[in-house]
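Asker: below is the sequence, then the predicted model.
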Number of protein chains: 2
Amino acid sequence: MTRAFTRKGEATRSRIVTGAADEIRERGVDEVRLEDVLARTRTSKGQLFHYFPDGKDELLLAVAQHEADQVLIDQEPMLSNLTSWPAWLAWRDRLIERYLAQGVKCPLNGLLGQTGRRAPGAQAIVTGLMWRWQKAITEGIRHMQSTGDIAADVDADRAAAALLAGIQGGVLLLLSTGKIDHLQAVLDLTIDSLRSGARVTGAQEGNGNG
Amino acid sequence: MTRAFTRKGEATRSRIVTGAADEIRERGVDEVRLEDVLARTRTSKGQLFHYFPDGKDELLLAVAQHEADQVLIDQEPMLSNLTSWPAWLAWRDRLIERYLAQGVKCPLNGLLGQTGRRAPGAQAIVTGLMWRWQKAITEGIRHMQSTGDIAADVDADRAAAALLAGIQGGVLLLLSTGKIDHLQAVLDLTIDSLRSGARVTGAQEGNGNG
DNA sequence: GCGAAAATGGACCCGCAAGTCCAAAGTCCG
DNA sequence: CGGACTTTGGACTTGCGGGTCCATTTTCGC
C-alpha cells in the first residue's frame, strides 16, 4: 500500500511539508489555511490532495512528525553525548541558543494538549518525542553516574523526568512571556543540583510525601 | 462605559462564561462552536452577543480570565502559606490532586503559545497568571530562608522560576502523556533540593556556564 | 400598572476555507 | 512513438459557523 511517487512527486511532497511547517511556525497551527501553504510552495489544491488524500489532517500529521524529529536533531550531537560536565553545559548552551533563536514560534505547541485531538496521531508523535528525549537525558545521567560524576543514589529516571518537564515548562514560558529566564534557570539549577549531589550524596531517598 | 446589567443579566453572563469554560475543557478551544455553548447554557445567539458584543474573542477572553483566576484559587490556602516543610508538602499534594483530577482537560492550554494570537489579551492574562504564581512561590522560598529552612544563598527568584517552569512542564506532559509522573518528579526533587540545600549550603553560586 | 430599558429567541446572511473533480500537461518505459 | 500513469492547475461545490437583526417578552423603578 506504499504509494509510488516519482522522484519529482517526492520532491513536491516534501516541499509541501516544509512549507507548511514554516507557515505554521510563523502564524500558528490554527491560523494556517491550505491556500497559504499552496501559495508559499507554489503548488495547487490538486497536488496537495494528491499527496495527502486525507487533506489537512494528514498534512498536519506529517508536519508534526517532521518537526518532532527536528527538535532532537537540533540538539545533536550534544544530547547523545552527555558524558562530562562540559558536555552538559554545551548541551545547555545549545538549547538556550536554539530556543532563543526560535523565539515565540513553536510548531509543536498546538499539538501538545487538546488541539492534538485534531489528529489523534499527533498525540502519539509528541509522546514519542518526549519519550526519546527523556531517554537520552536518562542515559546521560547514567553515564555520569558510571564515572562517579553524579551520585549513584540519584534516581536517573526521575531526575530525567524532572529535567525534561523543566525544559518543557521553560519553553512554554518562553512562548508566553518571551523571556528565556525560566529555561535558563531550570537548566542551570538542575545541572548544578546533579553536580553538587555527587558530593553531598544521600541527601534524598524515598521522600516523605503524603 | 461600564455596561449596566441587571441581576438576571449578570447571572446569564456568568452562566455563559462558566458554560463556555466547561465546553472548552471537554473539547478544546478550537473545537468549541458558539452553538455548543448556547446549547449547553440554554441561551441564544442574541444573548451571547448581547453580553459579549465582540463575539467569540471577547467570550474567550472572559473565559481565560476566569480560568486563570481559578488556577490560583485552587491552590489556596496552601500557596500563600509556604511557611514550613509540611506546608510545602501540602501544597505539593494539592497540586498533584488537582491536576490528577483535571486530567487531560486544560482550559488554558490553547492560550499559551501561538493560539494566543486570537485574542492579544489572552497572552497578557497568561503572563499575569504566571507572574502571580511565581511571586507566591518566591515569597514562600524567602520565608523559608528567613527561618533558616532554606539556605540563604539560594536565589529565590531563580529557584521559583525553575520550579514554576517545572510545574508547567509537568502539567504539559500530563496533558500529552496522561501520566502525572513528571509533575510529581519535579515537585519532589525540587523541594528535596531546596530542603537539602539548607544543610549543604554554598554548593552553588554563579555557575560556570559557557 | 406603565413605560423605558434590558433580556431573549431565533431566523437569516455571508464569507471563508476544506474538499471534489476533471481536463490538460508532463513523465517514463518499451 | 505511443500509451499508461503520474503530476499539475484551478474552477466549483459545500457546509459550517460567526455575526447581524429585529420582533417579542421580561424586568424594574416609580
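Answerer: That came through fine.
Asker: smallest gap between chain A and DNA strand C, at which residue?
Answerer: Going by C-beta to the nearest atom of the strand, DNA strand C is nearest to residue A:55 of chain A, at 2.5 Å. For glycine as for every other residue, the C-beta is placed from the backbone atoms N, C-alpha and C.
Asker: around that residue, how many other residues sit close by?
Answerer: Using other C-beta atoms under 10 Å in any protein chain shown, residue A:55 has 11 other residues around it.
Asker: the nearest residue to it once chain neighbours are set aside is in what secondary structure piece?
Answerer: Leaving out its chain neighbours, the residue that sits closest to residue A:55 by C-beta to C-beta, 6 or more residues apart in numbering or on different chains is residue A:49, at 6.4 Å. Taking DSSP states H and E as the criterion, residue A:49 maps to helix A:45-51.
Asker: DNA strand D contacts on chain A?
Answerer: A:4-6, A:8-10, A:12, A:42-47, A:49-50 (C-beta under 7 Å from any atom of the strand).
Asker: please, a ChimeraX command that selects the buried ones among those residues?
Answerer: Per 16 or more other C-beta atoms under 10 Å in any protein chain shown, the buried members of the residues of chain A next to DNA strand D correspond to this ChimeraX selection:
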select /A:12,43,47,50
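Asker: list just the nearest of the residues of chain A next to DNA strand D to residue A:74.
Answerer: Nearest to residue A:74 among the residues of chain A next to DNA strand D: residue A:10, at 23.9 Å, using C-beta to C-beta.
Asker: what's near enough to touch the closest one?
Answerer: Residues counted as contacts of residue A:10 (C-beta atoms under 8 Å, 6 or more residues apart in numbering or on different chains): none.
Asker: same thing but 10 Å
Answerer: The contact partners of residue A:10, by C-beta atoms under 10 Å, 6 or more residues apart in numbering or on different chains, come to A:4, A:51.
Asker: which helix or which strand is home to it?
Answerer: helix A:7-27.
Asker: from the chain's centroid, how far away is the lengthiest helix in chain A?
Answerer: Using DSSP state H to define each element, chain A has its longest helix at helix A:120-146. Distance of helix A:120-146 from the chain centroid (C-alpha atoms, centre = their mean, to the nearest Å) equals 10 Å.
Asker: related to what we said a few turns ago, ok, the helix holding residue A:49 near DNA strand C or not?
Answerer: Yes: against DNA strand C, helix A:45-51 shows contacts by C-beta under 7 Å from any atom of the strand at A:45-46, A:49.
Asker: what number of residues lie near the closest residue to residue A:30 other than its chain neighbours?
Answerer: Nearest residue to residue A:30 in three dimensions, chain neighbours excluded: residue B:30, at 5.2 Å (C-beta to C-beta, 6+ apart). When neighbours are defined as other C-beta under 10 Å, residue B:30 has 17 of them.
Asker: does residue B:30 really touch residue B:23, like I thought?
Answerer: No: counting by C-beta atoms under 10 Å, residue B:30 does not reach residue B:23; the two are 11.8 Å apart.
Asker: just the element for the residue most central in space within chain A, please.
Answerer: Nearest to the mean C-alpha position of chain A, by C-alpha atoms, centre = their mean, lies residue A:71 at 4.2 Å. Residue A:71 belongs to helix A:56-73 when elements are defined using DSSP H and E.
Asker: thank you kindly, that will do.
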